[in-house]
Structure formats: structure tokens, C-alpha cells
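*Asks:* Please find the sequence and the predicted model below.
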Amino acid sequence: MRLYAQWLDGAYFHLALSESKVTEQRLTELAIGVLKLHALLGTRIVLSDVQVIDSPIVLRLFTDSSFRDFLRKHPHFLELVAYPERVTKPTRYSIATSGLRRALAPKWISSTFPTPEATRELAQELLQAGDIDPERQLHDTRSPFGRVIKRWPERAALLEGMFRGVAHFATSLDAAVAPPIHETQPLTLYDMLRLTLDNPNVHSEHERYLMATIDFIESSIENPLERGLQSVVFTMLDQKLSSVHPHYRSIKHTAHHAWNAAVASSVNPEGGSLGYLSRSAQVGLYLDEPTDSLLPVSIREGRYSVTTFRKRVPLIIDWDPAKLSWSEVARVAGETAMSAKGFQKALLSNSESEMQSAINEHAKALAASLVSKPPPRVPGWMWILGPVIALIVNPELGTIITGVKAGEEALRDMLYRGRRYLVTNTLRKAAQLAKPRPRT
């Protein structure tokens, strides 16, 4: 499954961090752990150009040599979908550098750095040079990268991650890149807000958030062409409302959800992994097909059903993927490639029997691959992407156990104690609010 992860976005990361009790390092570790799990499941993560240049998680990944080694062995784990420069025939280079050109837009703001200057300077230097060779340029103080680092030494690590990320997609012939497929003009943040408000199943609480956000945008931004730009909306919000204003957080969170949904519509994934933010309408829940790549898409009468999703069988594994090194993830992913392929095929089949069979087969393959070196156990919490029924993989015994372990609420309370769900869950909170109800 081609999966767009909204929680990889840099703006989402910092919004989630601002209402979390965990550190930036811990939130990054949690996100990377989820990515390792997806790598073991055979998921393809679809990135936008903004994520490549402005996601703290993605930038840190590309500074990790073990992750880059993993990508060389499994190059299709990441796919970049982005608008190339205006050329007759898009090239790998024009697609890979689209994020750099975006950073040069006058009103672009950085989510990773307090100010956008460092990103803009690196983008300008690399685009002017027309040559991306990290192994040579990273050690040359006269190279475009070297000149920027001289001016921004405190941002060197993340700038290196940006350079290496762009270089991966620009120079690796095995890296997956593609332009978006659009028959019409791409949708914007403002378009997504309007579309969601028109959804007859919008929850009454979400409706209030949507209307407040739309009213703010229309009253504060005169130019209709700028109403769909997240940077403009955020800038106007900071100018007109105090951060302690009762509507500040809900407008910012809802606008960001709408922007992320617009990006998802552009990259056209097969599934969307949503991120939770408080006091907001999760736009993607109404416009996309939410999934965590562990459950088949649930369609009822041609429409996605949230209530049916909540009854699906989740997967709980009693070992922590985050504890595996990227070299171990590469080995296990290679050894279980066939069952992972079957698992991914079953995800799109909408067949309960095929899905259950594929889960069992891949769980057995993972257990067999890990049996020689069981990863550390995680007694305090476990990975879960759905409620009620536990399907547990025992890496030591190679057995699979299924059964109802506790009532739904009790299980949720046990697994989501604290704020860990900010990254790891994608539907728990949203599904509670989004069950279709009459508007009040």
C-alpha cells in the first residue's frame, strides 16, 4: 500500500509537540518506530516535497547512515510525489528539487527552523549549482553546502539531512519519484475546508471548528488565491489572534488538517495515516480513506465506513520495532518480502478471509525471522492500530494467539496511557468524534 503519513509533516510535528508532554527527541523516536513497523509490513511511504525539505523526522532519518543503507537495499520504501518545474517532460532532478524551489517562495515559512533563511540559502545554492553530490560536497567548504554551513553551523545536521534527502531522490536511479496525476487544478486548504463542511456526516463539533476556521480565513485574507496557503493562514492567525485566544488553537489545527488533506489529494496515495490534534476537525477522516496499513479499506455502499473500521481486527505485536536497528529491519524485510507482498495485496482486497490469512502468514514469517534474536519486550505499552481484539505474534515460539483481551475502553486506556497516541494512533480519537450523527 502506498501510504501518505500526515504525521511526518513538519508543521504537524511541532503542533503535536506543543501539546505533548514528551520531548522532541522522544516524539521523533516514536515516529521512526512507526516507520520501522511499516517497513516490516511492506508499506511504501509516499512523501511530499515539503516533507523532504521540512520534516524534522525525515531530515533526521537521512542523517542516519544506517537508514541510508536500508534505503539502498529497499529503495521503494520511500516514494516522492511532487510538482516538477514547468518543463515539457518532468525529470528526476526537477521532481526531486521541487521542494527547494517551494522554499524560495516569498511567503514560505519553515516548520523545522525558527526562520526560513537557512533553508532558502541552501535551496538557492543547490539550484544555482545544478549539481548534487553529497559525498563530495559535504566535505568541501567551497561547495554550496559548505558555504551555507559556514553561515548556519548550528543547523548543520538538519541541513545535511535535507541535502541528502534531495540527493537520494535526484541521483539514485532506484529511488521512486513521480509527478502528481491531476485532471483538474489541485485542491487547496480552503477547498478542503469547504468540501468537508458540505459532507452530510460531519459531526456537530467538527462543524463548529470548520465554520470558525472558514470565517477567520474569509474575514482576514482578502486575496482568494492566498486563502489556500497554510503559510498565509498561519501568519494572519499570529497577527490577529493571541495564542491564548479560545479559537486560536482550533483554527490553526483545523487549517493544518485541511492543508495536509490537500497534499494527500495531490500525492494520490492508496491510504492515509492521520495525525491527531486537539480541538480540531480531522478533515482527512471525511475526505480520504483512513488506514494504518494494517486493516483493509472498509467500503459500505460505495462509501468509507468509520463504524465498520472500529470493528476490524487490529494487530498487536509484543515486541517493539523501534528497538530494531535499520540493518535488522533491512534483513527481516528481505527475509519476509514474499509474505509482506501478500499482506499488502490483501489490504486492498476488501476481503475478510484473505486479510486474516495474509495477517497470519506474515506474522508467522516475521516471528520466524526474529526467532534467532528476539527484540526487547515492551511491558508498558504495545503497538496497536485498532480496538478490542488482540492478534499477538510471539517471536520466540513462532505462534499466533487471537482473542478478546479486554473491553474496548479498558484496552484503549491501557494502551494509550499518556500522550503516545499523538504519533502512533491515527483514528482512535477521530473515530470517536466522527460517527455520523444528526447535526444539532
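*Replies:* That came in fine, so what should we check first?
*Asks:* helix, strand or coil for the residue sitting furthest away from the middle of the chain?
*Replies:* The outermost residue of the chain relative to its centre, with distances by C-alpha atoms, centre = their mean, is Arg142 at 35.3 Å. Following DSSP: H, G, I helix; E, B strand; the rest coil, we place Arg142 in the coil state.
*Asks:* And the pLDDT at it?
*Replies:* With respect to pLDDT, Arg142 scores 84.
*Asks:* need the strands for the chain, in chain order.
*Replies:* Ranges of strands in the chain, per DSSP state E, are 2-5, 44-47, 78-81, 176-178, 271-273, 299-300, 303-304, 316-317, 389-394, 399-404.
*Asks:* contacts for the second one?
*Replies:* Residues outside strand 44-47 that contact it (C-beta atoms under 8 Å, 6 or more residues apart in numbering): 1-5, 8, 35, 38, 58, 76-81, 176, 267, 269. C-beta coordinates here come from the backbone N, C-alpha and C atoms, glycine included.
*Asks:* Buried only: go through the residues you listed for me.
*Replies:* Neighbour counting with 16 or more other C-beta atoms under 10 Å marks 1-5, 8, 35, 38, 58, 77-81, 176, 267, 269 as buried within the contacts of strand 44-47.
*Asks:* Let me see the contact set for Pro179.
*Replies:* Pro179 makes contact with 81-84, 90, 95, according to C-beta under 8 Å, 6+ apart.
*Asks:* Distance to Lys252 and pLDDT added to the residues you listed, as CSV?
*Replies:* Output for the contacts of Pro179, formatted as CSV (distance: C-beta to C-beta, whole Å; pLDDT from 0 to 100):
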residue, distance to Lys252, pLDDT
Val81, 26, 94
Ala82, 25, 91
Tyr83, 25, 83
Pro84, 31, 80
Pro90, 34, 82
Ile95, 30, 93
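*Asks:* Please work out how many residues are found near the closest residue to Trp152 other than its chain neighbours.
*Replies:* Leaving aside its sequence neighbours, Trp152 sits nearest to Ala118 (C-beta to C-beta, 6 or more residues apart in numbering; 4.2 Å). By other C-beta atoms under 10 Å, the residues close to Ala118 number 23.
*Asks:* is it true that Ala118 touches Leu159?
*Replies:* Yes. At 6.3 Å, Ala118 counts as touching Leu159 under the criterion of C-beta atoms under 8 Å.
*Asks:* Tell me the residues that contact both of the two, please.
*Replies:* The contact sets of Ala118 and Leu159 overlap at 148, 152 (C-beta under 8 Å, 6+ apart).
*Asks:* Could you measure from Ala103 over to Val50?
*Replies:* 9 Å (C-beta to C-beta, to the nearest Å).
*Asks:* mind checking pLDDT for Ile389?
*Replies:* Predicted confidence (pLDDT) at Ile389: the value is 23.
*Asks:* go on, Leu17?
*Replies:* 86.
*Asks:* Could you pull out the helices in the stretch 201-350 of the chain for me?
*Replies:* 204-220, 230-240, 248-267, 283-287, 306-309, 326-335, 337-347 (DSSP state H, counting those that start in this stretch).
*Asks:* worst average pLDDT in those helices?
*Replies:* Looking at the helices of the stretch 201-350 of the chain, the lowest mean pLDDT belongs to helix 306-309 (a mean of 38).
*Asks:* Can you report how many residues neighbour Gln6?
*Replies:* 26.
*Asks:* Look up how far Leu277 lies from it.
*Replies:* The gap separating Gln6 from Leu277 is 10 Å, by C-beta to C-beta.
*Asks:* got any residues that touch both of these two?
*Replies:* Common neighbours of Gln6 and Leu277 (C-beta under 8 Å, 6+ apart) are 12, 257.
*Asks:* Buried residues, stretch 15-35. List them.
*Replies:* Neighbour-count burial for stretch 15-35 flags 15-17, 20, 22, 27-35 (criterion: 16+ other C-beta under 10 Å).
*Asks:* I meant to write stretch 266-282 there.
*Replies:* Neighbour-count burial for stretch 266-282, counted by 16+ other C-beta under 10 Å, picks out 266-267, 269-277, 279-282.
*Asks:* distance between the ends of it?
*Replies:* Stretch 266-282 has its terminal residues 18 Å apart, counting by C-alpha to C-alpha, to the nearest Å.
*Asks:* any idea how far His256 is from Ala358?
*Replies:* Noted for Ala358: a distance of 34 Å to His256, by C-beta to C-beta.
*Asks:* Hmm, I typed the wrong one, I wanted Gly146.
*Replies:* Distance of Gly146 to His256, given as C-beta to C-beta: 35 Å.
*Asks:* cool, Ala96 as well?
*Replies:* Per C-beta to C-beta, Ala96 is found 25 Å from His256.
*Asks:* list the contacts for Ser280?
*Replies:* Contact partners of Ser280, counting by C-beta under 8 Å, 6+ apart, are 209, 249-250, 253-254, 256-257.
*Asks:* can you do 6 Å?
*Replies:* For Ser280, the contact set (C-beta atoms under 6 Å, 6 or more residues apart in numbering) comprises 209, 250, 253-254, 257.
*Asks:* Gly165: which of those is nearest?
*Replies:* Distance to Gly165, by C-beta to C-beta, is smallest for His257 among the contacts of Ser280, at 24.6 Å.
*Asks:* List the contacts of that closest one.
*Replies:* Counted by C-beta under 6 Å, 6+ apart, His257 has contacts 280, 282-283.
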